[in-house]
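Peer 1: any chance you could fold what I've pasted below:
(one chain, ligands or ions: 2)
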Amino acid sequence: MTLSGALRALALTLGAAVAALGSLLYIAWNIYFCDSNSGTDWDRWWEQDLWEQAPPEDPLDQRQVLVLGLDGAGKSSVLHYICNQTARNRFTPTHGFNCAQLSIEGLEMELLEVGGSQNLRAYWPHYVSHAHVLVFVVDSVDRSRLGTARQELHALLPMEPQLPLVVLANKQDKSDALSTAELWEELGLHTLSEQRELFLLPTSATWDSLSTANSILHVKNLLVTLLSQPLSALPQQEGSQPPPVQG
Ligand SMILES: Nc1nc2c(ncn2[C@@H]2O[C@H](COP(=O)(O)OP(=O)(O)OP(=O)(O)O)[C@@H](O)[C@H]2O)c(=O)[nH]1
Ligand SMILES: [Mg+2]
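Peer 2: Numbering: from 1, shown residues only. Ligands and ions are numbered 1, 2, ... in the order given. All right, here's what the predicted structure looks like:
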C-alpha cells in the first residue's frame, strides 16, 4: 500500500470511529434525559421543567403515569396537551417511547408513553409493574379495532390488580365517535374488579376542546388527585428498570 493509500485508510477509520462515538453519545444523552425518541420536540419542555424547578429531593417519591393504547389512538397528542395545554396537528408514530416530566403542586410526575404498534405491545407488560396509574387511550372512532384494544387492555390488568386505571375515550370531536356508555360495554369495563379505581373519560386532543367537557385538562386534574395520595396508598411498584424499547 502506498503512503497516500495508507493515510486515506487511516482517515476513513478515524472518521468511522468519530461517527460511532457521536452516535453512542447521542443515545446516552437520550437515555439520561428520558427523552422522546419519536422525533417530537418535547425535550424542550423537559429542559424547561428542569430549569424551572429544583430536582426532587427524593427521586423515589416520583409518580409514574404509564400511557398505553393502540397505535393512532392519540397517546402522544394527549401527553402533549397535558404538558403544554395546546394541541398539535400532527405526530409521527412513536417508535419507542415518549417521556415527559411534570411538577404540579409539589408532585413530581413522570408521564411515559410506550408506542402502540403491534411489535411494541410486547413491551407493555414490562412497564405496568412500575406505574402508579395506567392511562389507556382508545380511538372512539376505530370500531374495527375495539376488540383488539379490549384484548390488550384485559391482558395487562391481571398483572396489577390494584393499579388505578384511567381509560380515555379519545377523538370525541369526531361525529361518528362512540359514546362513553358504548365504550364501557365494548371494552368490557363492567367486567373489571371493583377493587380497582376505574375512570372512563371522554377526551379530544384538539384545539377546540380546551374549554369543553372533553378537555384533556380534566385528565390532568384527575391524575393529580390520584397521584396525590401518599405512596403507601398507591400500588407498591418494582424498583428495577424495565428493558429498553426497540421500535
Ligand atoms: N380528531 C382528532 N384527532 C386526534 C385526536 N387525538 C389524536 N388525533 C390524531 O390521531 C393521530 C394519531 O395520534 P398520536 O397521538 O400520534 O397517536 P399515538 O397513540 O401516539 O400513536 P402511536 O405513537 O403510533 O402509538 C394524529 O394524526 C393525531 O393528530 C383527537 O382527539 N381528535
Ligand atoms: Mg405516539
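Peer 1: list the contacts for the residue positioned nearest the centre of the chain?
Peer 2: The C-alpha lying nearest the average C-alpha coordinate of the chain belongs to E113 (Cα atoms, centre = their mean; 1.5 Å). E113 is in contact with V67, L68, K75, S76, L79, T94, F97, N98, C99, counting by Cβ atoms under 8 Å, 6 or more residues apart in numbering. Backbone N, C-alpha and C define where each C-beta goes, glycine included.
Peer 1: same question, A177
Peer 2: Going by Cβ under 8 Å, 6+ apart, A177 touches S140, V141, A169, K171.
Peer 1: ok, T180 - how many residues close by?
Peer 2: 17 (other Cβ atoms under 10 Å).
Peer 1: surely it and L200 touch.
Peer 2: Yes - with contact defined as Cβ atoms under 8 Å, T180 reaches L200; the gap is 5.3 Å.
Peer 1: shared neighbours of these two, which are they?
Peer 2: Contacts common to T180 and L200, judged by Cβ under 8 Å, 6+ apart, are A169.
Peer 1: give me the low-pLDDT residue ranges for the chain?
Peer 2: Applying pLDDT under 70 to the chain picks out residues 1-5, 7, 11-60, 230-247.
Peer 1: just the strands in it please.
Peer 2: In the chain, the strands defined using DSSP state E lie at 63-68, 97-104, 107-114, 133-139, 165-170, 198-202.
Peer 1: need the residues of this protein near ligand 1, please.
Peer 2: Residues of the chain lying near ligand 1 by Cβ under 6 Å from any ligand atom: 69, 71-77, 90-91, 93-94, 115-117, 137, 170-171, 173-174, 204-206.
Peer 1: now list the buried members of the residues you listed.
Peer 2: By neighbour count, with 16 or more other Cβ atoms under 10 Å, the residues of the chain next to ligand 1 hold 69, 71-77, 91, 94, 115-116, 137, 170-171, 173, 204-206 as buried.
Peer 1: show me where this structure has its helices.
Peer 2: 3-32, 42-52, 75-84, 118-121, 124-128, 146-156, 180-186, 216-227 (DSSP state H).
Peer 1: packing partners of the last one?
Peer 2: Okay, so that is helix 216-227. Helices and strands touching helix 216-227, by 3 or more Cβ pairs under 8 Å, 6 or more residues apart in numbering; DSSP states H and E, are strand 63-68, helix 75-84, strand 107-114, strand 133-139, strand 165-170, strand 198-202.
Peer 1: can you point out the buried residues in it?
Peer 2: By neighbour count on 16+ other Cβ under 10 Å, the buried set for helix 216-227 is I216, H218, V219, K220, L222, L223, L226, L227.
Peer 1: quick one on the thing from earlier: between the contacts of A177, which is nearest S129?
Peer 2: Using Cβ to Cβ, A169 comes nearest to S129 of these, at 25.9 Å.
Peer 1: distance check, the closest one against M159.
Peer 2: According to Cβ to Cβ, to the nearest Å, A169 stands 23 Å off from M159.
Peer 1: neighbour-wise, which of these two wins?
Peer 2: Ranked by neighbour count (other Cβ under 10 Å), A169 and M159 place A169 first, with 24 against 11.
Peer 1: hang on, isn't L198 packed against L192?
Peer 2: Yes - the pair L198 and L192 qualifies as a contact (Cβ under 8 Å) at a distance of 5.9 Å.
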